[in-house]
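Q: Dropping a prediction and its sequence here:
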Amino acid sequence: MDIIQIQEKLNSLSGWQAKYREIMLLGKKLPSLPEPLKTSEALVKGCESNVWLHIDLDESQQRLVLIADSDTRIVKGLLAIILACYNHTLPNEAKDIDAYQLFEEMGLIKHLSPSRGNGVKAIVERIQQQVNMLQ
Amino acid sequence: MDIIQIQEKLNSLSGWQAKYREIMLLGKKLPSLPEPLKTSEALVKGCESNVWLHIDLDESQQRLVLIADSDTRIVKGLLAIILACYNHTLPNEAKDIDAYQLFEEMGLIKHLSPSRGNGVKAIVERIQQQVNMLQ
Amino acid sequence: MIEQLRKDFPLLHQLVDEQPLCYFDSAATTQKPQSVIDAVSHFYQLENANVHRGAHTLSADATTKYEAVRDKLAQYLNVQRNEIVWTKGATDSLNLIAHGLSEKLAQDDVIALSPFEHHANIVPWQQAAARTGAKIVVLPASKDGVLDHTASIELIHELKPTILSICHASNALGNIHDVKSLIEASKAYSTITVVDGAQSFMHLKPDLTQLGCDFFVFSAHKALGPTGLGGLFGRFELLNSLPVYQTGGEMIDTVSFSGTTFRQAPEKFEPGTPNISGVLGFGAALDYLNNIERNALIEHEHTLYQYLVSNLQKIAGIKMWGDTTHNIGVVSFTYKDEHHFDIATLLNTYGVAVRSGHHCTQPLMAHLDIPGTIRVSLAFYNNQQDIDTFISALIETIEMLEE
Amino acid sequence: MIEQLRKDFPLLHQLVDEQPLCYFDSAATTQKPQSVIDAVSHFYQLENANVHRGAHTLSADATTKYEAVRDKLAQYLNVQRNEIVWTKGATDSLNLIAHGLSEKLAQDDVIALSPFEHHANIVPWQQAAARTGAKIVVLPASKDGVLDHTASIELIHELKPTILSICHASNALGNIHDVKSLIEASKAYSTITVVDGAQSFMHLKPDLTQLGCDFFVFSAHKALGPTGLGGLFGRFELLNSLPVYQTGGEMIDTVSFSGTTFRQAPEKFEPGTPNISGVLGFGAALDYLNNIERNALIEHEHTLYQYLVSNLQKIAGIKMWGDTTHNIGVVSFTYKDEHHFDIATLLNTYGVAVRSGHHCTQPLMAHLDIPGTIRVSLAFYNNQQDIDTFISALIETIEMLEE
Ligand SMILES: Cc1ncc(COP(=O)(O)O)c(C=O)c1O
Ligand SMILES: Cc1ncc(COP(=O)(O)O)c(C=O)c1O
């Protein structure tokens, strides 16, 4: 599913339980990160759960390749959404992606709260940082 | 004036200005302490103004003799009232004097507040302490 | 009775995400009765003034009321008023004590802690140990999270600690510790005993004279009071012998550029403008706690807790940690290998507010060998309906995870 | 405009001892607008939860709102949000800074202070000096209580202080110091500059980027906010380089009995449950301050102050101390040899609330060679009527003393 499809799907669901069920399904579909890639450098600070994130550029097309994992189902699902936003975009496009607004539209805004329990905000910041460094 | 007269006088006055005028008059009548008696041991802690207090027993009658002074007019007046309560009493009697209640009756209760600006409470406590030691 | 008391807590009647709230996070902070909220507003509307310095009526009255709460608190804990120091919270209190007691520590002296301690009762001691060369020793506990009391007493006899600092009740698991007997054992070695009462202050109303500890710390916000306030009790002689901690106005006797002298305890440890509205609000909280019929309250909390535990026991895969017999009303559990964050987040969609994670007790989690738990913490204002809602939400949550 | 604003302050409309209150003690603590009082109540009634740790909605929302005030404050002072640390008050802030900077002090290093400093900006430096062997040097001032600015700059060039800590405005006299130029002069020697902004925060709304200081401290309760809260600004690099001060929950990265790692600033300096309701109330205070038309306010305060000073000048025997030209709206005076306590107490019988004494600036009083003053401190919510009442009460008071 691309981000448009995810958005449509989530918007069509009413109630948090249904939304989280869908988010966890998205998470299940995200491939697990092989253990050797779960390095401390890849660990995103500011999440209570563990989140590992790698960002790179696809050699041929110079588009972003993101892989990520989490030890919680929900955060993994949120990662799937974030990855769908950024994967295969050009670094220049990525800089203009306003994940905050996207989450707001999907009614997931509270996942951007500064609470430390979940770290969507921290993840998005990490992505933006690394995108800047990739350029 | 003894304490009964002071009480009657103060009760007869209405308004704080009149009461303070009377209190300052009482203070004026209280003899000043000679400078050599203004020792740091005699200084009562817990008053923002300086208060010096000496307590002793009159040799012949074993009654309390208190002398005191302050560099403020109002506290000196309050000292005059306190001294009128305790002077010439027997130590045993002094222990039962409830200056708190007396001040309450005279409407001067706020001078027993724990505020550090004035130290009536500290003075009364010092007297009770020293009376205990004299026995 | 409880339904009557619940009415005093406006927040409990809120809808959160359009659902009735089941508040199970009282170990983090309790809700406040209206009388506490009113006391704070009332102060700002009619009585606001700085304390201790003013000749004017507002200031004198504020001072009188402020100091009256110190009396009230001393009475609640059964100690003297000059043994009570106001602080910012339990953390501030523990820092003050650990700083002050550093002077009494030498190389290789033992500071004994339990594995249940909140970070606030660990890190300040680590700092003190680093400064002095003292070492931290941890009392023994079972794999499931229960203090081994007998072995702890033996260890105290063996190590003769200079300081013993232990929580009266664990915030992560709710276990109540028999601190009285640990203190008694330590007294033989003149151990200085510190009790972290953050969790016991409200639930157990400890009589400190009976406990016999040298220090006791708490936070107002965990006992119906406002945020930004806490306090400590210290046995006067010992308290007064500690070096000053923070310095500034109010705590001094005289200041000059050539030297400064300090007041006695408690003022010695209270520089600066205090949290006046916090103290007055806490006064109302103490009134509230004093006015509840305590036996009925304990009975209610106990029944509620039993009900919670027995319902959880029926769910296969639930593991409850710690001591569910001597407990202030906390259940800390895990479900199979599911992450605590997922369970707590899903519960929240049912209006059930629980806490998840390490609860500022990482060493305890390491001891239990788990990343964290889901913590359900009760207060007297919870009712059976809350627990029924929680249990059915939990069952649905588990179903969703097992899909 | 002012009569409209006055309506927002419920306390100003109280009778005290059956008389209308003239509140002239805003330098000790300001009164609070209803919006601040409401923000605090609202939090406890509808939003109360602990921050930073919760998966549940109440906690997440409280955290969002709490952190939003940090942004608001950073904006007010024109600095970055991670340069703001919440503390208990200006005193707590200064202790944190003096403790942290001790590491940067060596034997015979100079800490430069002004003679106008509040005890909170003296004693923590004395403690730091005692620990490190640094010495405190006091900038020169006139006998009447005005900083000798030229000589101060010269002294800075001569002594090359390691630390300069000075109040932006004096609480005892109200003098505004040209801290910008003192800071500029010090920068040549990499002096670390600390500004005590307790009195300037509200009156001057300082732009810290423009001032160029390294640290700045304040108390919320002196700027329409709740008690028990303050903060500090620290230039991020420098702030983050300071050693931890208090330790406990929230400020740690990981804790184990074998070692602990800490977070970055500002969390590094914020252990324990913060004063959440205080921060939210202060948010409302900042909104209030941002919404007042500042030029009109300054104009009003200035007119009021001139009126006060000119009326006092007419009374023979009154001596006003300090700089009445550059002033935040404070008059500190004595009358002949009369004791400040008597005058303040008598003024109080007219409903006039002033402060008397040394104002926690004993070294300044020693410098002026007086035991204390009567301090009339204005805020924008005072009006001409207040001053008229004060002047006539003062005249009657003097008559009574001269009887
Ligand atoms: C200039 C100055 N610095 C520091 C302080 C200390 O502030 P607080 O008592 O709120 O900690 C004050 C307050 O009296 C002050 O006026
Ligand atoms: C046992 C225990 N000790 C100390 C603390 C720290 O309290 P505070 O955050 O109010 O300073 C807590 C609160 O979480 C606690 O539960």
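A: Noted; the coordinates are in hand. Ligands and ions are numbered 1, 2, ... in the order given.
Q: how about the strands in the stretch 101-250 of chain C?
A: Secondary structure of the stretch 101-250 of chain C (DSSP state E, counting those that start in this stretch): strands located at C:110-113, C:135-138, C:163-167, C:192-196, C:215-219, C:230-234.
Q: ditto for chain A
A: Ranges of strands within chain A are A:51-57, A:64-70, based on DSSP state E.
Q: JSON lines for those strands, including mean neighbour count?
A: Just so you know, the C-beta spots here come from the backbone N, C-alpha and C atoms, and that holds for glycine as well. Shown next, in JSON lines, are the strands of chain A (neighbours: other Cβ atoms under 10 Å in any protein chain shown):
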{"stretch": "strand A:51-57", "mean neighbour count": "19"}
{"stretch": "strand A:64-70", "mean neighbour count": "22"}
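Q: quick one: which of the strands of the stretch 101-250 of chain C is nearest ligand 1?
A: strand C:230-234 (16.8 Å; Cβ to the nearest ligand atom).
Q: and that closest one with strand C:215-219, angle?
A: On the basis of axes from the mean of the first three to the mean of the last three Cα atoms, to 10 degrees, strand C:230-234 is oriented at 170 degrees to strand C:215-219.
Q: Pull up the pairing partners for strand C:230-234, direction included.
A: Partner strands for strand C:230-234, per DSSP bridges, with pairing direction: strand C:84-87 (antiparallel), strand C:215-219 (antiparallel).
Q: follow-up on the earlier one: distance to residue D:43, mean pLDDT and mean neighbour count for the strands of the stretch 101-250 of chain C - can I get that in JSON lines?
A: Shown next, in JSON lines, are the strands of the stretch 101-250 of chain C (distance: least, Cβ to Cβ, whole Å; pLDDT from 0 to 100; neighbours: other Cβ atoms under 10 Å in any protein chain shown):
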{"stretch": "strand C:110-113", "distance to residue D:43": "34", "mean pLDDT": "98", "mean neighbour count": "24"}
{"stretch": "strand C:135-138", "distance to residue D:43": "38", "mean pLDDT": "98", "mean neighbour count": "16"}
{"stretch": "strand C:163-167", "distance to residue D:43": "28", "mean pLDDT": "98", "mean neighbour count": "27"}
{"stretch": "strand C:192-196", "distance to residue D:43": "26", "mean pLDDT": "98", "mean neighbour count": "27"}
{"stretch": "strand C:215-219", "distance to residue D:43": "17", "mean pLDDT": "98", "mean neighbour count": "29"}
{"stretch": "strand C:230-234", "distance to residue D:43": "18", "mean pLDDT": "98", "mean neighbour count": "28"}
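Q: for the strands of chain A, which one sits closest to chain D?
A: For chain D, the closest of the strands of chain A is strand A:64-70, at 14.3 Å, according to Cβ to the nearest Cβ.
Q: Give the burial count for residue C:245, as a bare number.
A: Using other Cβ atoms under 10 Å in any protein chain shown, residue C:245 has 22 other residues around it.
Q: For it, report the pLDDT, please.
A: If you check residue C:245, the pLDDT there is 97.
Q: so who does it touch?
A: C:95-96, C:99-100, C:269 (Cβ atoms under 8 Å, 6 or more residues apart in numbering or on different chains).
Q: Indicate which one of the strands of chain A is closest to residue C:197.
A: Nearest to residue C:197 among those is strand A:51-57 (36.4 Å), distances taken as Cβ to Cβ.
Q: In JSON lines: the strands of the stretch 101-250 of chain C, plus distance to ligand 2.
A: Below are the strands of the stretch 101-250 of chain C laid out as JSON lines (distance: least, Cβ to the nearest ligand atom, whole Å):
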{"stretch": "strand C:110-113", "distance to ligand 2": "12"}
{"stretch": "strand C:135-138", "distance to ligand 2": "16"}
{"stretch": "strand C:163-167", "distance to ligand 2": "5"}
{"stretch": "strand C:192-196", "distance to ligand 2": "5"}
{"stretch": "strand C:215-219", "distance to ligand 2": "3"}
{"stretch": "strand C:230-234", "distance to ligand 2": "6"}
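Q: Quick check: residues of the stretch 151-300 of chain C near chain D?
A: By Cβ under 8 Å from any Cβ of the partner chain, the residues of the stretch 151-300 of chain C that approach chain D are C:219, C:221, C:226-229, C:244, C:246-250, C:252, C:254-257, C:259-260, C:271-278.
Q: Packing partners of the lowest-mean-pLDDT helix or strand in chain C?
A: The helix or strand of chain C with the lowest confidence, counting by mean pLDDT, DSSP states H and E, is strand C:15-16 at a mean of 82. Packed against strand C:15-16, as judged by 3 or more Cβ pairs under 8 Å, 6 or more residues apart in numbering or on different chains; DSSP states H and E, are no other helices or strands.
Q: buried set for whichever helix or strand residue C:393 is part of?
A: For residue C:393, the host element (DSSP states H and E) is helix C:384-402. Of all the residues in helix C:384-402, those buried under the rule 16 or more other Cβ atoms under 10 Å in any protein chain shown are C:386-387, C:389-391, C:393-394, C:397-398, C:400-401.
Q: Of those, which ones also sit close to chain B?
A: Counting by Cβ under 8 Å from any Cβ, no member of those is near chain B.
Q: Closest one of those to ligand 1?
A: Ranked by distance to ligand 1 (Cβ to the nearest ligand atom), these are led by residue C:386 at 40.4 Å.
Q: so how far is the helix holding residue C:393 off the chain centroid?
A: 28 Å (Cα atoms, centre = their mean, to the nearest Å).
Q: Any residue of that helix touching chain A?
A: Yes - Helix C:384-402 reaches chain A (Cβ under 8 Å from any Cβ) through C:396, C:400-401.
Q: Determine how far whichever strand or helix holds residue C:311 lies from the middle of the whole chain.
A: Using DSSP H and E, residue C:311 sits within helix C:294-313. Offset of helix C:294-313 from its chain centre (Cα atoms, centre = their mean): 20 Å.
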